[in-house]
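# based on what follows, work out the 3D shape:
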Amino acid sequence: MKFKNQSNNYISLCIGLAAISFTYQSIARETSYSPVSLTKPFTEVMKEDKKNKSALMKKHQKLLNKRYNLSENVDKNATMSGGKPIPVGPTAKLKGGTSWDKLSRMSPAEIKKKNLFPYLPLPHVSPAGGGLVVPQEQLDSHPELVRFDMDFDLPDAYLPEFPAPLYLISRPDLGDVSGGQELTINNYYNKLNGILTPFQLDGMRLLVTPVAQQQFNVTDDRKAKIAQDAVSCFTCHVNGHSSGVFHLNPDNRPQETRFRIDTPSLRGVNIQHFLGSKRALRSLEDFSEVEAKTAYFDGDPVIAFKKGARRFSREEIAAMAAMQNMIAFPPAPKLSIMGTLIKSKATESELRGEQLFTAHCASCHSAPYYTDNSAHDLQVERFYKGRAEGLIKTFPLRGIKDSPPYLHDGRLLTLEDTVEFFNLILEINLDQKQKTDMVAFMRTL
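Numbers count the residues shown, from 1 in each chain. Take a look at the predicted model:
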């Protein structure tokens, strides 16, 4: 009898240990945290990543070519603020022999059933690897930002100009204070001394100072050949705008389910009531601090400590915010002080576009900055089989022509794609002339 009880206890113990093991394995598969141990030497990991890079990029490019026409068509008569031609679309390829008109007359359920939705979420080149990926034009002047495991994926035509102009709220009379150059730790002082206040200038120093980041640091699990701190705030937000750098959003786990995030502009950030695509940070001070501690390290503060994240003081955070608050929207000569079109300066197409925009879009994107400072769930999953995307903040549309690609993950490569996307999402069934007018208006913002 005693033996039987011992046997039963042993069986119970085995079952318990198996349950613990199963639980651990389940947690390990879907843990919130990134792995912190290395199983291979850095040189071996780099060798394997380099070997696998070609196949990885070929697979991702195949996906892009299946979804988009990447012919890099541009309108040379319409330019961004610094003179780069604006890309023209729509670039999305339609399936099943359908047309945009036919598609817009279908219900969301019908589009989903037939698998015809042309704007599926744009994935990271490698969701498992994740991290910051920099466009080639920027890499030409910043070889320290080259990753040995993957390359940037979108053609230059669908990206902001590099470097973008920098406009200041405090000195609109000066125009582009960057002089057409990228502001870095090496030139910011000579460019801005005498223009900014001492506090703002110190904030700029902090914004352009390279620090540690998930893929670019001194640890052996980095993705750059050289061990160094290489990433500043203005690496992604070049001259306070964007170069098209993308990474993974820091707002959810596990890793493979995270959305790609396209770097938004900091222009006009002073008018925004919360920051971050989903996180609803309520001040630039909080945003600057949280970015340095989490977003720089794929959302994991544990890894940030390991890799040497800089811990800014409150005074430094305040200085960074003070500088960001000076970054202005680009000039919009056709807009009044209320943000509406000046009729004597606008074309008929632009004026018609403004009327359409007011009727269908202004409830979220209201003048003068074309945002409601809120967040909305577009329920895009109505149109395709996939995970719900959830709330997304209403980004300001002032200066929108300077900021391709569009939407939080960059899946909309042009303004034409953006109009087609929302024509479907809002179910408003615009005709081709109306779509053209809508794009014409958005180019004036």
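# what's near enough to touch residue 299?
248-251, 253 (CB atoms under 8 Å, 6 or more residues apart in numbering). Backbone N, C-alpha and C define where each C-beta goes, glycine included.
# go on, residue 245?
Applying CB under 8 Å, 6+ apart, we find residue 245 in contact with 132-135, 138, 235-236, 263.
# let me know the pLDDT of residue 8.
Note on residue 8: pLDDT of 51.
# now do the SS call for the residue lying closest to residue 283 once chain neighbours are set aside.
Of all residues beyond its chain neighbours, the one nearest residue 283 is residue 321 (7.2 Å), with distances taken as CB to CB, 6 or more residues apart in numbering. Under the three-state scheme (DSSP: H, G, I helix; E, B strand; the rest coil), residue 321 adopts helix.
# just give me the neighbour total for residue 321.
20 (other CB atoms under 10 Å).
# model confidence score at it, please.
95.
# just to check, it is in contact with residue 289?
No - at 9.4 Å, residue 321 does not count as touching residue 289 under the criterion of CB atoms under 8 Å.
# can you list the domain ranges for this structure.
Per the record, the chain has its domains at 68-119+333-442, 136-324, by automatic domain parsing.
# out of these, which one sits most buried?
Highest mean neighbour count among these (mean count of other CB atoms under 10 Å): domain 136-324, with a mean of 19.
# how far away from the center of its chain is that domain?
Its chain's C-alpha centre and that of domain 136-324 lie 12 Å apart, by CA atoms, centre = their mean, to the nearest Å.
# now do stretch 409-425
That offset, for stretch 409-425, works out to 15 Å (CA atoms, centre = their mean).
# low pLDDT regions in the protein?
Applying pLDDT under 70 to the chain picks out residues 1-37, 277-280.
# contacting residues for residue 386?
By CB under 8 Å, 6+ apart, the contact set of residue 386 is 120-121.
# state the distance from it to residue 107.
Remark: distance between residue 386 and residue 107 (CB to CB, to the nearest Å) = 18 Å.
# same question for residue 266.
39 Å.
# now swap in residue 84 and tell me
Computed as CB to CB, the residue 84 to residue 107 distance reads 39 Å.
# now swap in residue 199 and tell me
55 Å.
# give the contact list for the nearest residue to residue 108 once chain neighbours are set aside.
Spatial nearest neighbour of residue 108, chain neighbours left out: residue 382 (3.9 Å); criterion: CB to CB, 6+ apart. By CB under 8 Å, 6+ apart, the residues touching residue 382 are 108-109, 112.
# mind checking which of these land in helices?
108-109, 112 (DSSP state H).
# can you pull out the strands in the stretch 301-445 of the chain?
Ranges of strands within the stretch 301-445 of the chain are 375-377, 391-393, based on DSSP state E, counting those that start in this stretch.
# check the stretch 51-200 of the chain too.
74-79, 85-87.
# Serialize these to CSV and add fields for distance to residue 337.
Shown next, in CSV, are the strands of the stretch 51-200 of the chain (distance: least, CB to CB, whole Å):
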stretch, distance to residue 337
strand 74-79, 24
strand 85-87, 25
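# looking at those strands, which is closest to residue 440?
Closest to residue 440 of the strands of the stretch 51-200 of the chain is strand 74-79 (CB to CB; 9.1 Å).
# tell me the SS of the residue nearest to residue 319 when sequence neighbours are not counted?
The shortest distance from residue 319 to any non-neighbouring residue, by CB to CB, 6+ apart, is to residue 203 (3.7 Å). Following three-state DSSP, we place residue 203 in the helix state.
# wait, residue 203 sits on residue 320?
Yes - counting by CB under 8 Å, residue 203 touches residue 320, with 4.7 Å between them.
# all helices for the protein, in order.
Here the chain has its helices, by DSSP H, at 2-29, 42-67, 100-104, 108-114, 136-141, 188-192, 198-207, 233-236, 284-293, 301-307, 314-324, 348-360, 415-425, 432-442.
# quick one, which of the ones you listed is nearest to residue 218?
Nearest of the helices of the chain (CB to CB): helix 301-307, 7.6 Å.
# and the closest one, what does it pack onto?
Using 3 or more CB pairs under 8 Å, 6 or more residues apart in numbering; DSSP states H and E, no helix or strand is in contact with helix 301-307.
# export that helix to CSV, keeping only CA atoms.
C-alpha atoms of helix 301-307 as CSV (Å, rounded to 0.1, in the frame of the first residue of the first chain):
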residue,chain,number,x,y,z
PRO,A,301,13.9,47.7,-21.8
VAL,A,302,15.7,44.6,-20.5
ILE,A,303,17.7,44.3,-23.7
ALA,A,304,18.2,48.1,-23.6
PHE,A,305,20.0,47.8,-20.3
LYS,A,306,22.2,45.0,-21.7
LYS,A,307,23.1,46.9,-24.9
